[in-house]
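Chemist: take this sequence and fold it.
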Amino acid sequence: MATWPLLIQQNRPVILELNYQGEIGYVILYAIGNDKVEVLNGKQRLRLPASWLKPLWQGNVIELWEAPLKGTLRVDMEGPAIEVLDELLSKAVSEPPLGTSTFDGAMKERVELFQRWQGIAVDGIAGQRTLERLQQNVQLNAPTLNRIEEEEA
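Modeler: Numbering: from 1, shown residues only. Predicted coordinates for the structure are as follows:
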């Protein structure tokens with residue numbers, strides 16, 4: 001289950017499951033503005049007040065972009081996911097990769113550095129929030145929501 005503020009923060013197009021009087025339908029959240037959204041419904045692109053869409057959406061989403069890192073990564077873990085974490089962290093903190101597939105003390109310090117920089121809880125564990133923030137910051141090829149410019153009256 002997602003929340004509206006989380007969708008805005010993640011800044012990624014998603015498929016929203018909508019419920020109108022018991023009828024289920026799906027739209028792609030494509031663009032967002034201060035009080036308007038644009039959705040794609042398979043036939044057309046619609047610009048709607050966000051206040052109209054929110055009551056129809058009950059928090060169910062289908063992600064269109066799959067983040068390569070999921071779960072929790074911590075000290076003493078090994079494997080390809082740690083190598084990906086190393087690459088992403090090196091880009092985020094503008095340092096060379098550590099070149100390791102083991103989550104060691106140096107990797108923990110780098111995770112803590114990133115967490116401090118992002119203003120999130122510093123625990124040296126690459127959990128859901130840390131990984132989401134890292135992947136949002138570093139993966140420039142991931143799709144983002146378009147911005148709706150305010151229309152002049």
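Chemist: rest of the way, CA atoms for contacts and neighbours
Modeler: Will do.
Chemist: can you list the domains in this protein?
Modeler: What automatic domain parsing lists as the domains of the chain is 4-63, 80-138.
Chemist: ranking the ones you listed by burial, who's on top?
Modeler: Neighbour counts (mean count of other CA atoms under 10 Å) averaged over each of the domains of the chain peak at domain 80-138, with a mean of 17.
Chemist: average pLDDT for that domain?
Modeler: Domain 80-138 carries an average pLDDT of 94.
Chemist: sorry, back to before: out of the domains of the chain, which gets nearest to Asn146?
Modeler: Ranking the domains of the chain by distance to Asn146, with CA to CA as the measure, places domain 4-63 first at 4.3 Å.
Chemist: now the domains of the chain as CSV including distance to Asn146?
Modeler: CSV is the format used below for the domains of the chain (distance: least, CA to CA, whole Å):
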stretch, distance to Asn146
domain 4-63, 4
domain 80-138, 15
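Chemist: ok, which of those comes nearest Leu69?
Modeler: The closest of the domains of the chain to Leu69 is domain 80-138. By CA to CA, the value is 6.7 Å.
Chemist: ok, which of the domains of the chain comes nearest Leu145?
Modeler: Closest approach to Leu145 among the domains of the chain is made by domain 4-63 (5.0 Å; CA to CA).
Chemist: re earlier: among the domains of the chain, which is nearest Glu149?
Modeler: Smallest distance to Glu149 across those (CA to CA): 6.6 Å, for domain 4-63.
Chemist: quick check: which helices or strands does the lengthiest strand in the chain pack against?
Modeler: Longest strand in the chain, counting residues (DSSP state E): strand 23-32. Applying 3 or more CA pairs under 8 Å, 6 or more residues apart in numbering; DSSP states H and E, we find strand 23-32 packed against strand 14-20, strand 36-40, strand 146-147.
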